[in-house]
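>>> Structure of the sequence below:
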Amino acid sequence: MTQTTSETWCARIQAKLMAAIDAAWAMIEASDDPAVLRKARDKVKACGELAANVRKIAAMSGQRRPAPRAAAGSALDAALAAVATAAPASDPPTERGLDRLRRGGRGRL
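The predicted model follows:
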């Protein structure tokens, strides 16, 4: 048995399921019998559920992302340091509106 990647496996199963769905739609278009229509609809629904599960399995076993490079982090740190030194010192925070209301006067809480 040969090993296949999850993406290859997913694509192959999806192609088979699409072929089954196309065959079921052909049965729906060719017949007016309610039993045949019900069977075809059930088959299409089952194929759709299988396709969703195949996509979930492929997503769980997908390729691992490469580790981020350290050089990119150091460039980001350098840019942040440059911005921090260029920014002026901020004034102390002003009194919040809620604190002003608690002091008294109109609009007490």
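
>>> before we move on, which element is D22 in?
Assigned by DSSP states H and E, D22 belongs to helix 6-30.

>>> Does anything pack onto that helix? Which helices or strands?
If you count contacts as 3 or more CB pairs under 8 Å, 6 or more residues apart in numbering; DSSP states H and E, helix 6-30 packs onto helix 34-60. All C-beta spots, glycine's among them, are computed from the backbone N, C-alpha and C.

>>> Quick check: buried residues in the helix it packs on?
Using 16 or more other CB atoms under 10 Å as the test for burial, helix 34-60 gives A40, K43, V44, C47, A51, V54, A58.

>>> Is T4 in a helix, a strand, or coil?
Secondary structure assignment for T4 (DSSP: H, G, I helix; E, B strand; the rest coil): coil.

>>> For it, grab the count of nearby residues.
11 (other CB atoms under 10 Å).

>>> Would you mind measuring from it to K39?
From T4 across to K39, the span is 32 Å (CB to CB, to the nearest Å).

>>> for R102, same thing?
Going from R102 to K39 by CB to CB gives 72 Å.

>>> now swap in A24 and tell me
With distances taken as CB to CB, A24 is found 8 Å from K39.

>>> What does the pLDDT read for the residue nearest to V54 when sequence neighbours are not counted?
Spatial nearest neighbour of V54, chain neighbours left out: I13 (4.9 Å); criterion: CB to CB, 6 or more residues apart in numbering. As predicted, I13 sits at a pLDDT of 93.

>>> re the thing from before, columns pLDDT and distance to A78 on top of the buried residues of helix 34-60, output as a markdown table?
Converted to a markdown table, those look like this (pLDDT from 0 to 100; distance: CB to CB, whole Å):
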| residue | pLDDT | distance to A78 |
| --- | --- | --- |
| A40 | 93 | 63 |
| K43 | 94 | 60 |
| V44 | 93 | 56 |
| C47 | 93 | 53 |
| A51 | 92 | 47 |
| V54 | 90 | 45 |
| A58 | 84 | 39 |
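
>>> which of those residues lies closest to L76?
A58 (32.5 Å; CB to CB).

>>> ok, the closest one - contacts?
Applying CB atoms under 8 Å, 6 or more residues apart in numbering to A58 gives the contacts S6, E7, W9, C10.

>>> That concludes my questions; thank you for your assistance.
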